[in-house]
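J.: Sharing a sequence plus its predicted fold:
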Amino acid sequence: MNCPNCGTSNLDNAAVCVNCGRSLGAGAPSSYTPPPPPSNFGAPPSVGAGATIPNYLWQSIVVTLCCCLPLGIVSIIFAAQVNSKLAQGDVAGAQEASQKAKMFALIGFGVGLVIIILSMIFNGAVFMNAIREAQANR
Amino acid sequence: MPSVKLRRIASLAVVAAAGAWVLYTFAPTAYGFYPQCPFRLLTGLECPGCGTTRALHHLLHGRVEEAFRFNPMLFVLLAVALFALPSLLRGRSPRFLMQPWFAWTAFFVLTGYWIVRNTPLYPF
């Protein structure tokens, strides 16, 4: 079965997702409860608890390189904050940063895509004009 | 479900091969159908990803030096991608993406490279 949280395929009888640690329920006794979120004070959380919050890092890097540099950079900063806050045990802060990373990556992607499409339409028009002129001059 | 995963890998490989063929056959400087960098279009400045298409074209033709000249960052990206490949093939996101040092390094490297390549200091 695929994890509803991150889409990783797991064994059908798996209790928790091997990638993000989310409880999968099916096949396993439903008495399983995820470990309580770590408090702000004390040891850093385990990887399992930390990995449940997506940081959208690779998405923001792709947006930076291919679509919209300024918004992508902002998104990378929030993605890095997700990791730092998780390492400090600040789950709420990490979640907030995760939302912002996602938001800026999406806006950046949209803005970049619109500009790319507009420029392609413009390039296409210039190209067609050149062909038309070449035919007229012949 | 290995069949689903296999199909996913196979379709990715087909898309990659098709992309590589287009990049190999049509030089980005001669054909205008490649998408342009919106940031460069609007500001005239280069972003950290500018030149990747041209660099890939040269790399596919085995001209490593030219590829490096157009975008040295491509080699860093390829190294990271290679590093992430084992976990990606298993359908997991690589561990290092969740490490604070990796995310902050990515931020400083990309921002630093972006600034430096738009100054006269940049060697290429």
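T.: Arrived safely, thanks for sending.

J.: Can you name the residues that contact the residue lying closest to A:Thr64 once chain neighbours are set aside?
T.: With sequence-adjacent residues excluded and distances taken as Cβ to Cβ, 6 or more residues apart in numbering or on different chains, A:Thr64 is closest to A:Gly72, at 3.0 Å. Quick note: C-beta positions are derived from backbone N, CA and C, even for glycine. For A:Gly72, the contacting residues are A:60-65, A:104-105, A:108, by Cβ atoms under 8 Å, 6 or more residues apart in numbering or on different chains.

J.: now, the most widely separated pair of those residues?
T.: Among the contacts of A:Gly72, the pair separated by the greatest distance (Cβ to Cβ) is A:Leu65 and A:Phe104, at 14.7 Å.

J.: Are we agreed that the residue nearest to A:Thr64 is in a strand?
T.: No: secondary structure assignment (DSSP: H, G, I helix; E, B strand; the rest coil) places A:Gly72 in helix, not in a strand.

J.: how far away is it from A:Leu106?
T.: 11 Å (Cβ to Cβ, to the nearest Å).

J.: Same question for B:Gly19.
T.: If you measure B:Gly19 against A:Leu106 using Cβ to Cβ, the figure is 24 Å.

J.: Kindly report the same for A:Gln88.
T.: Summarising the geometry, the distance separating A:Gln88 from A:Leu106, computed by Cβ to Cβ, is 26 Å.

J.: Give me the nearest residue to the residue nearest in space to the middle of chain A, chain neighbours excluded.
T.: A centroid search over chain A (Cα atoms, centre = their mean) returns A:Tyr56, at 2.8 Å, as the residue closest to the centre. By the measure of Cβ to Cβ, 6+ apart, the closest residue to A:Tyr56 outside its immediate chain neighbours is A:Ala101, 4.3 Å from it.

J.: so where does the one you found fall, helix or strand?
T.: Mapping A:Ala101 onto the secondary structure by DSSP states H and E places it in helix A:91-137.
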